[in-house]
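>>> coordinates only, sequence not included:
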């Protein structure tokens, strides 16, 4: 069976410093995978390199057995909230409609069919009543739901989300997690950069533990071992135990 994502010996530098060193792994389709690690571990850099949003120094990345440029339409990406211009004058519905563009012909505009599909995606995330609002008028949780709706509108096979729960209320977080699990039940693959270890066991099937290098990759149970976590978090490990993170 072809892996959803296959990475071999990936090296990435960021502002002249090596941020990702020699990562190799393979992710099966239908998995909800969290990328975890301490601050500065290269999690977002790793995600962006997988998507070819930043250049790699060396290494091979294949998605669905092919170079990423050949399967770009099958990939949906939800960036960090601070990477988005929330003052841009665009409505919620138009934001979601952008997700339909990869399936349109050059210079073709979304029509009734695409608009109906965008509304369905907004309904799925509970945001249909906000369709005419400007995106910047929404709360953090509402904004993240809209961008998930945009990803759903793309009808992708792989979903990449970078810190989707930062600044998000508990209700929105629960909604997003449930939808991500539904996506995986359709044999689609979801990769999420995540920082809250206390929820990793409830959210993910597998974890990629990074600290510039790949520390561990496997099921949550396999990765959530004291010796493994300590290797990545080092001095932060004792603090994590003090604040109640169960390993």
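It's in. Values in this document were obtained by computation on a predicted structure and should not be read as measured data.
>>> Wait, residue 63 touches residue 160, no?
No. Because the distance of 10.2 Å does not satisfy C-beta atoms under 8 Å, residue 63 is recorded as not touching residue 160. Any C-beta I mention is one placed from the backbone N, CA and C, and that applies to glycine too.
>>> Now do the shared contacts for those two.
residue 75 (C-beta atoms under 8 Å, 6 or more residues apart in numbering).
>>> ok, residues contacting the strand or helix carrying residue 178?
Element membership of residue 178 [criterion: DSSP states H and E] is helix 170-185. Helix 170-185 is contacted from outside by 30-32, 124-126, 140-142, 144-145, 148, 152, 159, 161, 164-165, 168, 190, 192, 202-203, 205, using C-beta under 8 Å, 6+ apart.
>>> Filter these down to the buried ones.
The neighbour-count test (16 or more other C-beta atoms under 10 Å) marks 31-32, 124-125, 141-142, 144-145, 148, 152, 159, 161, 164-165, 168, 190, 192, 203, 205 as buried among the contacts of helix 170-185.
>>> Among these, which lie within strands?
For the buried ones among the contacts of helix 170-185, membership in strands holds for 32, 159, 161, 190, 192, with DSSP state E as the criterion.
>>> Generate JSON lines for those residues, with distance to residue 39 and pLDDT as supplementary columns.
Listed next are these as JSON lines, based on distance: C-beta to C-beta, whole Å; pLDDT from 0 to 100:
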{"residue": "32", "distance to residue 39": "23", "pLDDT": "97"}
{"residue": "159", "distance to residue 39": "24", "pLDDT": "97"}
{"residue": "161", "distance to residue 39": "18", "pLDDT": "97"}
{"residue": "190", "distance to residue 39": "23", "pLDDT": "98"}
{"residue": "192", "distance to residue 39": "17", "pLDDT": "97"}
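>>> where does residue 217 land in three-state SS?
Using DSSP: H, G, I helix; E, B strand; the rest coil as the criterion, the local structure at residue 217 reads strand.
>>> got the residue ranges for the strands in the chain?
Counting by DSSP E, the chain forms strands over residues 5-14, 17-27, 32-36, 58-63, 75-78, 158-162, 189-193, 206-211, 213-219, given from the N-terminal end onward.
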